[in-house]
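Novice: I need the structure of the sequence given here:
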Amino acid sequence: MITEILLAATLAVTPGWEVVPLTPEPGNLVATTALSAHDVWTAGFAVDQEIVDGRPTVTFQPRTWHWNGKAWSRVPVPPLADGRTGRLNAIAAAAPGRVWAVGDSWSHGRTSSLIERWDGKAWSPVPAGDDPGLDQHLYGVAAIGDSDAWAVGSTADGEHTRPMARHWDGVRWKSTPLPADLVDGDLFAVAASGPADVWAAGVVADGDGVAPLVLHWNGVAWRRIALPSTAGLGQARVQALTVSDGQVRAVGDSTTDGALNRKPLVFRLTPWGAVIERTPDERGQLNAVTTVGREVWAVGYQYDEAGDTHAYALRRGIDGQWRRAAVPDAAGATLFGLTRVPGTGTLWTTGAMNGAQQGVPAPLVARLS
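Specialist: Prediction:
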């Protein structure tokens, strides 16, 4: 049963953006998806911090929220079994009443995939098809239809971390082979325009560092997409993808000086190759991307000189130029999720901001109409 939580009127902040207050609860909302103006979902995790045997202990529990056009309501996710702690990292909807959320859970040093399915009434766990004896994480999900969905992440055996892709065929989740040379890496995102046009992206080992990784599924097999060299950019990775009207964008970041100095990175992709699009030469990490007509939006966060976080957003206008965009005005904001309401110009972004308890984030939801 969904417990409706009536919320106060949205609070207007930076022109155009509205921050929607949620019931106070420490945590982070890292992904969002929209089917209509009356059917928007977001997923992430709640954080519980307590002192155990004189030491601070942090546990996580999966969380989902739903927007019905008037208010956000927290929709319960079944408690994890055997005292496990876990989180949801991605959410995607094929149609009303058919929503997938994926993530991971862990206990006693072992991490397992977590997959939840919404049937229109309740969330229920679905076996993920994990390989016994391996640590497994799921970071991205794309829903195409009732019998067609993809989830991506990684597996680890203690020596190597390998990218992983799993497919839902309407009955079960099954692993699908990836190119054999991807020994060390992760897949963080997946997006699809149809059964024979699926994209996955993340990072792969490259010499002494890492480099962006993009794969394409043509309905038969996964193939690695050749990307322009990022050697001059240092450590680089892709965090998110969007596919719309034949346009494919992958966003992430690069750095030569550590996390405090990450810079935005954007690829424009085709099945035959890619180009790097020029972005502002400034600090910023991009975690999510979506299209609004002929425009492209991406959000994330950046660090200031003191090491504090601030929301960060870029907008690619119809002139093809990437520029800074206004962001929700929330203290210590980090943006992780972004979606467009189909048929409209409305955007929803999610993430976290400074919470009432120092050092523990609070969920953030904001809307741009």
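Novice: Which helix or strand contains the nearest residue to Ala189 once chain neighbours are set aside?
Specialist: Closest residue in space to Ala189, ignoring its immediate chain neighbours: Gly140 at 4.2 Å, by Cβ to Cβ, 6 or more residues apart in numbering. The way it works is simple: take the backbone N, C-alpha and C, and place the C-beta from them, glycine included. Taking DSSP states H and E as the criterion, Gly140 maps to strand 135-145.
Novice: Which elements pack onto that strand?
Specialist: With contacts defined as 3 or more Cβ pairs under 8 Å, 6 or more residues apart in numbering; DSSP states H and E, strand 135-145 has these neighbours: strand 85-95, strand 98-107, strand 110-118, strand 148-156, strand 185-194, strand 197-206.
Novice: let's see 7 Å
Specialist: Under the contact criterion of 3 or more Cβ pairs under 7 Å, 6 or more residues apart in numbering; DSSP states H and E, strand 135-145 touches strand 85-95, strand 98-107, strand 110-118, strand 148-156, strand 185-194.
Novice: how near is Ala313 to Gly103?
Specialist: 25 Å (Cβ to Cβ, to the nearest Å).
Novice: that older thread, relative to strand 98-107, how tilted is the strand holding Gly140?
Specialist: 180 degrees (axes from the mean of the first three to the mean of the last three Cα atoms, to 10 degrees).
Novice: Dump the helices and strands packed on strand 135-145 into JSON lines; add mean neighbour count and mean pLDDT as well.
Specialist: Below are these laid out as JSON lines (neighbours: other Cβ atoms under 10 Å; pLDDT from 0 to 100):
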{"stretch": "strand 85-95", "mean neighbour count": "23", "mean pLDDT": "96"}
{"stretch": "strand 98-107", "mean neighbour count": "23", "mean pLDDT": "96"}
{"stretch": "strand 110-118", "mean neighbour count": "20", "mean pLDDT": "96"}
{"stretch": "strand 148-156", "mean neighbour count": "24", "mean pLDDT": "97"}
{"stretch": "strand 185-194", "mean neighbour count": "23", "mean pLDDT": "97"}
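Novice: Could you export the ones you listed as a markdown table, including distance to Leu134?
Specialist: Output for the helices and strands packed on strand 135-145, formatted as a markdown table (distance: least, Cβ to Cβ, whole Å):
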| stretch | distance to Leu134 |
| --- | --- |
| strand 85-95 | 17 |
| strand 98-107 | 12 |
| strand 110-118 | 9 |
| strand 148-156 | 5 |
| strand 185-194 | 14 |
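Novice: Help me confirm that Leu260 comes into contact with Glu305.
Specialist: No: Leu260 is beyond contact range of Glu305, at 8.7 Å (criterion: Cβ atoms under 7 Å).
Novice: Show me which of those two is the more surrounded one.
Specialist: For Leu260 and Glu305, the more surrounded residue by other Cβ atoms under 10 Å is Leu260, and the numbers stand at 12 against 7.
Novice: Which of the three states applies to that one?
Specialist: helix (DSSP: H, G, I helix; E, B strand; the rest coil).
Novice: Which residue, neighbours along the chain excluded, lies closest to it?
Specialist: Tyr303 is the one closest to Leu260 (Cβ to Cβ, 6+ apart), at 4.7 Å.
Novice: which residues does that neighbour bridge with?
Specialist: Going by DSSP bridges, Tyr303 is paired in beta bridges with Thr309.
Novice: Next one: it relative to Asp169, how far apart?
Specialist: When distance is defined by Cβ to Cβ, Tyr303 is 43 Å away from Asp169.
Novice: Compare these two (neighbour count), which wins?
Specialist: Set side by side, Tyr303 and Asp169 show more neighbours around Tyr303, with 18 against 10, by other Cβ under 10 Å.
Novice: dump the residue contacts of the more buried one.
Specialist: If you count contacts by Cβ atoms under 7 Å, 6 or more residues apart in numbering, Tyr303 has them with Leu260, Arg283, Thr309.
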